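Undergrad: predicted structure and sequence below. I'll ask about it afterward.
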Amino acid sequence: MIANRRRLGLALIALIAGGLSLLLAALSAGESARLAALLLTGHSAQATVVDTRVMHSRRTGPSHELRYRLASGAGHSDATGRADLWVSLPEADWEAARRSGQLTVRVSDAWPGLSAPAAGLTAQAGDLIAAWALAGTFGLITVAVVWSAARGPAPRRARGG
């Protein structure tokens, strides 16, 4: 009875850890492809800043955001096709773009319509590395728990005397 509860608990842990690993890997894969397209097959271009704002949050503090438009008329969009989205930038880069009315962006040659501010790409790469590391950690936890469940309980040792 105790062995069955142990296996059920281990199965639940494996299911949760495995699910988190797969979710993080799936989300990271899409963002990794987007970032690779911008960095490896992209070029720099100047965009016109069309709007700026500062959003305030009690937990994270201020977020400096803007919207931009390229000469082709395209703005920032995401993988779902939503366009003219607000993008967050470090305060110094946001202030420089707000003052000049111009923003340097990376535009993908291989992925039409894909662009992002050049200033935020390095931070995105760091975030993706952390997400992949977390997905790998959950994957290793899953493997360890499944291996432990497959081995079964440790045999009891006889007390020597």
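TA: Cool, got the structure.
Undergrad: which one is Leu70 nearest to, not counting chain neighbours?
TA: Ala47 (4.9 Å; CB to CB, 6 or more residues apart in numbering). Yep, even glycine has a C-beta here, placed from its N, CA and C like the rest.
Undergrad: and the helix or strand hosting that neighbour, which residues are buried?
TA: Taking DSSP states H and E as the definition, one finds Ala47 inside strand 42-57. Buried residues in strand 42-57, defined by neighbour count with 16 or more other CB atoms under 10 Å: Gly42, Ala47, Val49, Thr52.
Undergrad: for the residue nearest to Leu70, list each beta-bridge partner.
TA: Leu103 (DSSP bridges).
Undergrad: if we can go back for a sec, what does the strand holding Ala47 contact?
TA: Strand 42-57 is contacted by residues 62-71, 75, 86, 94, 97-98, 100-109, 114-115, 118 when judged by CB atoms under 8 Å, 6 or more residues apart in numbering.
Undergrad: count the residues that sit near Leu114.
TA: Leu114 has 22 neighbours, counted by other CB atoms under 10 Å.
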